[in-house]
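> coordinates only, sequence not included:
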């Protein structure tokens, strides 16, 4: 493996930005100092010229659709899009076909990723109403955690038996991640609007059907159950201001037993965008009001929300361009998540240090990922060079997703990811991919 020397970078790490050089050897950060000379003539040297060097982003929630739904996406295509977006590690969800609810199916996914992934990888094991025996076989040092759908979404892995839920929460030491929406509330609301509009319900009613009440009912129950059982709970993709009251910023993240995340789309869009974006911003949970969006952003800044993720969930354009009840929820985001957050930096809403904390450091802390998420000597050399002043516009020609579309099409971002390194290897540079498979399976210090 070639050694790499990155010179003249603005290095962002642990709340600080400092100018310096970074030497990478055998896939690890070997030395970080104000000035480093090349150790040998074979060292690959990159002059960062004042660009920002960030730790690679760890995305704790993606749907890469393999196996079974590969007409939408697969691990190879979406991991390439991820590295184009500065995401060097991902945790993928279990609602594939077949579902990842047995050890055998889990290991089949690891085998696919080992051959095809451009980014480091792990997977969530899926919980159902009847697979507790399999859940108890999962090794928490080698698997990211357990995913439970407490409201049905793509794949319909709904866990709706209260006794089963309590048994799972009481029995496993796995980190339990949950999708929280109350199913009965959503069904009742859907029927109300179907009576009025049939299948062609106007999109503006999506956040009323998948309402604040549906989210809060479910997430509050999950938090209550975690407190009762002592389970380690992580609540995915918060979408309402009301849910913030369930979480605390009074203790350090390492000590929290109950954590929460926010996703890019809930920070960027609001219900006013349904008129122009339609089903392309149809997600579960729904994008809600501008007030919810601003409250979520504040919750991120004041540390009630611990991480930023994508919930990358591609569907084909043909699938999305259906009437309301037939258009699936979800959209592709991994390529554009970091540029979107850096746009907020340009707007003065968040610091680069805070972006790195929420997208790199905190996922590593929360999931106890070994030796990743920081630019530190002895850590795996996952890193991203960013030019904060290189505007580009999202269009069909530069979208890397297999589905070929993005909710950000037409958006001009001021910041560009120029280089992505995975375990010390250059895998992406200025819209060009290198045919280098240097990704590794994530391991966890538990």
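Received the coordinates, thanks. Computed from a predicted structure; not experimentally measured.
> Show me what counts as buried in stretch 248-267.
256, 258, 259, 260, 261, 262, 263, 264, 265, 266, 267 (16 or more other Cβ atoms under 10 Å). Every C-beta, even on glycine, is put in place using the N, C-alpha and C of the backbone.
> If the fifth one is in a bridge, with which residues?
On the basis of DSSP bridges, residue 261 is bridged to residue 307.
> In contact with it, which residues?
Contact analysis of residue 261 by Cβ atoms under 8 Å, 6 or more residues apart in numbering lists 60, 61, 234, 235, 236, 237, 238, 305, 306, 307, 308, 309.
> could you pull out the helices for the stretch 251-400 of the chain?
Counting by DSSP state H, counting those that start in this stretch, the stretch 251-400 of the chain has helices at residues 264-268, 274-277, 290-301, 317-320, 337-346, 352-356, 362-367.
> JSON lines for those, including distance to residue 113 and mean pLDDT?
Listed next are those as JSON lines, based on distance: least, Cβ to Cβ, whole Å; pLDDT from 0 to 100:
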{"stretch": "helix 264-268", "distance to residue 113": "23", "mean pLDDT": "98"}
{"stretch": "helix 274-277", "distance to residue 113": "31", "mean pLDDT": "97"}
{"stretch": "helix 290-301", "distance to residue 113": "29", "mean pLDDT": "98"}
{"stretch": "helix 317-320", "distance to residue 113": "24", "mean pLDDT": "98"}
{"stretch": "helix 337-346", "distance to residue 113": "20", "mean pLDDT": "98"}
{"stretch": "helix 352-356", "distance to residue 113": "25", "mean pLDDT": "98"}
{"stretch": "helix 362-367", "distance to residue 113": "17", "mean pLDDT": "98"}
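> My reading is that residue 12 lies in a helix. Confirm?
No: going by DSSP: H, G, I helix; E, B strand; the rest coil, the assignment for residue 12 is strand, not a helix.
> so what's it scoring on pLDDT?
At residue 12, the pLDDT value in this model is 98.
> Format the helices of the stretch 251-400 of the chain as a markdown table; extra columns: distance to residue 439.
Listed next are the helices of the stretch 251-400 of the chain as a markdown table, based on distance: least, Cβ to Cβ, whole Å:
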| stretch | distance to residue 439 |
| --- | --- |
| helix 264-268 | 22 |
| helix 274-277 | 33 |
| helix 290-301 | 28 |
| helix 317-320 | 28 |
| helix 337-346 | 18 |
| helix 352-356 | 21 |
| helix 362-367 | 16 |
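> And these: which comes nearest residue 164?
Ranking these by proximity to residue 164 (Cβ to Cβ) places helix 362-367 first, at 24.4 Å.
> Following the chain onward from the longest helix seen in the chain, which element is next?
Secondary structure assigned by DSSP state H gives helix 212-229 as the longest helix of the chain. Tracing the chain past helix 212-229, the next element assigned as helix or strand by DSSP states H and E is strand 233-235.
> Packing partners of that following strand?
Under the contact criterion of 3 or more Cβ pairs under 8 Å, 6 or more residues apart in numbering; DSSP states H and E, strand 233-235 touches strand 176-179, helix 212-229, strand 258-263.
> coming back round to it: tell me the two of the buried residues of stretch 248-267 that are most distant?
For those, with distances taken as Cβ to Cβ, the pair at the greatest spread is 256 and 265 (24.2 Å).
> starting at the chain centroid, how far to stretch 81-88?
11 Å (Cα atoms, centre = their mean, to the nearest Å).
> Just the pLDDT for the closest residue to residue 310 other than its chain neighbours.
Distances taken as Cβ to Cβ, 6 or more residues apart in numbering place residue 333 nearest to residue 310, at 4.0 Å, with adjacent residues excluded. pLDDT, residue 333: 98.
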